[in-house]
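*Asks:* Task: produce atomic coordinates for the following.
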Amino acid sequence: MEFDVLDRKMRQYEKGDDRFIAPDVYVIARLDGRGFTRLTKEVCPFEAPFDERFRDMMILTVRHLMADCGFKVLYGFTESDEISLLLHPEDRAFAHKARKLLSVLAGEASAAFSAQLGMPAAFDCRLCEFPTAQLVADYFRWRQEDANRNALNSHCYWMLRKQGKGKGQATALVSGKSIAQKSELLLQNGIDFAKQPAWQKHGVGLRWQQTEREGFNPITGASETATRNTLVTDYDLPTGEAYSAYIAALLSSRPAVRHIITIRPDYGGVVMEQSGDCPPTCIERDDMLELFAEDGERLICRMRVPGLYAWQQEFEWKSDGARGTMGSMDVAAWHKEGLRLAACIRRLLPDDCELWYAYPFEDKENGDKPPILIH
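*Replies:* Modelled structure (predicted):
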């Protein structure tokens with residue numbers, strides 16, 4: 001049987017459960033640590049009921065998912081061993097194929113957390129699809145209330161365990177008590193739950209915020225102030241209706257993205273591929289880039305990026321397109337330079353442009369990875 005025939009035959013089984021998420025819904029991915037109770041209380045020496053080291057590992061994992069994985073995430077929330085990510089309504093990573101979102105997010109979270117912990121740790125992932133912004137706010141209210149209840153139970157349980165109670169005895173003493181009774185139990189033992197850190201009770205939020213930074217325009221040679229998105233961590237989130245308003249503000253104030261651009265090397269030039277019907281733009285010997293809108297007529301921007309042509313030439317001369325390899329190149333150093341150049345381009349693009357760095361097909365080690373969003 002010819003390979004092409006066999007390939008088509010087998011792929012129909014591989015894609016049997018493919019499902020694409022509708023474009024007109026809000027998507028939230030929720031990730032949960034697998035076996036984290038044992039991991040954090042028996043295997044690793046984390047302080048109970050809460051440990052800032054574990055909190056910071058979870059926050060860094062959220063930052064990785066929001067900034068380094070090729071997804072456009074509007075908001076991230078973490079409490080205990082779970083993470084919730086609100087995808088930008090205009091995110092189209094992997095064409096919104098559900099199995100790709102689930103597998104990539106779970107894999108990236110597991111890898112990022114394991115690298116910090118120094119041992120294997122795993123997350124699972126599920127997707128929630130909401131038709132309205134109000135349901136999105138209700139979802140995050142739900143997870144925040146869950147954080148509050150878990151925090152109260154954890155403080156009660158571990159207070160009793162530290163007093164010498166066994167697992168079953170501590171669980172029985174807490175089970176069935178009301179919120180008021182649990183709070184009173186803590187007070188009787190010198191713990192004021194109301195005064196515990198807000199991040200323990202209400203979780204931690206991560207959001208994008210526009211900040212101004214001084215930059216250099218290589219065309220005019222002048223210093224300019226550029227507005228860029230940076231990740232902000234909120235350790236003291238609002239609660240109740242104020243939290244609903246906080247989520248609503250994030251949804252209403254998100255910047256519109258009109259031009260999605262992907263940069264990648266090719267034989268004959270560096271290609272900037274746009275969404276829509278606009279043809280790709282190639283950057284030639286003079287390092288000049290002219291980027292046009294989808295109509296092919298209106299100029300979005302013109303810029304010179306020193307070093308871009310030399311970067312492309314190294315790829316063209318050293319990689320092997322026929323064999324699909326990077327040849328004799330120092331791939332890590334080449335990608336580092338490519339990301340630096342992409343950052344230079346991003347600083348000169350208008351705010352309504354979104355820039356992604358794509359790995360070339362010839363890079364067998366990274367070629368299957370999703371593009372990287374450049375901030």
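*Asks:* low-confidence ranges in the stretch 201-350 of the chain?
*Replies:* Along the stretch 201-350 of the chain, the model assigns pLDDT under 70 to residues 212-227, 254-260, 267-286, 292-300, 320-324, 350.
*Asks:* just so I have it, where are all the strands in it?
*Replies:* Taking DSSP state E, counting those that start in this stretch, the strands of the stretch 201-350 of the chain run over residues 204-216, 223-234, 259-266, 269-274, 281-283, 288-292, 299-304.
*Asks:* what kind of secondary structure is Pro370 in?
*Replies:* coil (DSSP: H, G, I helix; E, B strand; the rest coil).
*Asks:* From what I see, it and Ala95 are in contact.
*Replies:* No - using CB atoms under 8 Å, Pro370 is not in contact with Ala95; the gap is 11.2 Å. Where you see a C-beta, it was placed from the backbone N, CA and C, and this is true even at glycine.
*Asks:* now the helix or strand where Leu101 lies: mean pLDDT?
*Replies:* Element membership of Leu101, judged by DSSP states H and E, is helix 98-117. Averaged across helix 98-117, pLDDT comes to 95.
*Asks:* The helix or strand just after that helix: which residues count as buried?
*Replies:* Once the chain leaves helix 98-117, the next helix or strand it forms, by DSSP H and E, is strand 122-130. The neighbour-count check on strand 122-130 (16 or more other CB atoms under 10 Å) flags Ala122, Phe123, Cys125, Leu127, Phe130 as buried.
*Asks:* got the CA positions of strand 122-130 in CSV?
*Replies:* This file holds the C-alpha atoms of strand 122-130, laid out as CSV (Å, rounded to 0.1, in the frame of the first residue of the first chain):
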residue,chain,number,x,y,z
ALA,A,122,0.8,16.4,36.1
PHE,A,123,-2.3,18.5,35.4
ASP,A,124,-5.5,17.5,33.7
CYS,A,125,-7.6,20.0,31.7
ARG,A,126,-11.2,20.6,30.8
LEU,A,127,-12.9,23.3,28.7
CYS,A,128,-16.0,25.4,29.7
GLU,A,129,-17.8,27.2,26.9
PHE,A,130,-20.1,30.0,27.9
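*Asks:* Any idea how far that strand is from the middle of the chain?
*Replies:* 13 Å (CA atoms, centre = their mean, to the nearest Å).
*Asks:* Count the neighbours of Gly35 for me.
*Replies:* 11 (other CB atoms under 10 Å).
*Asks:* dump the residue contacts of it.
*Replies:* Ala122 (CB atoms under 8 Å, 6 or more residues apart in numbering).
*Asks:* other SSEs contacting the helix holding Leu101?
*Replies:* If contacts are counted by 3 or more CB pairs under 8 Å, 6 or more residues apart in numbering; DSSP states H and E, helix 98-117 sits against strand 26-34, helix 52-67, strand 122-130.
*Asks:* can you give me phi and psi for Asp91?
*Replies:* phi -70, psi 130 (degrees, to the nearest 10).
*Asks:* State the distance from it to Leu74.
*Replies:* From Asp91 over to Leu74 the distance is 8 Å, taken as CB to CB, to the nearest Å.
*Asks:* repeat for Asp24
*Replies:* 16 Å.
*Asks:* So these two - more neighbours on which side?
*Replies:* With neighbours defined as other CB under 10 Å, Asp24 and Leu74 compare such that Leu74 has more, 22 against 8.
*Asks:* pretty sure that one belongs to a strand, no?
*Replies:* Yes - using three-state DSSP, the assignment for Leu74 is a strand.
*Asks:* That one: what's it in contact with?
*Replies:* With CB under 8 Å, 6+ apart, Leu74 has these contacts: Leu86, Leu87, His88, Pro89, Arg207, Trp208, Leu250, Leu251, Arg254.
*Asks:* Could you tell me how many residues sit around the fifth one?
*Replies:* Residue neighbour count, defined by other CB under 10 Å, stands at 22 for Arg207.
*Asks:* And for the third one?
*Replies:* Residue crowding around His88 was assessed by other CB under 10 Å; the count is 20.
*Asks:* Isn't it up against Val73?
*Replies:* Yes - with contact defined as CB under 8 Å, His88 reaches Val73; the gap is 6.7 Å.
*Asks:* Tell me how far Glu354 lies from Val305.
*Replies:* Glu354 is 18 Å from Val305, by CB to CB.
*Asks:* With neighbour numbers in mind, choose between the two.
*Replies:* Glu354 (22 against 19).
*Asks:* List the contacts of His64.
*Replies:* Glu108, Ala109, Ala112.
*Asks:* rerun that using 10 Å as the cut-off
*Replies:* Glu108, Ala109, Ala111, Ala112, Phe113, Ala115, Gln116 (CB atoms under 10 Å, 6 or more residues apart in numbering).
*Asks:* Counting neighbours, which of those residues comes out on top?
*Replies:* Neighbour max across the contacts of His64 (other CB under 10 Å) = Ala109, 27 neighbours.
*Asks:* Surely that residue touches Leu65?
*Replies:* Yes - in this structure, Ala109 is within contact of Leu65 by CB atoms under 10 Å, at 6.1 Å.
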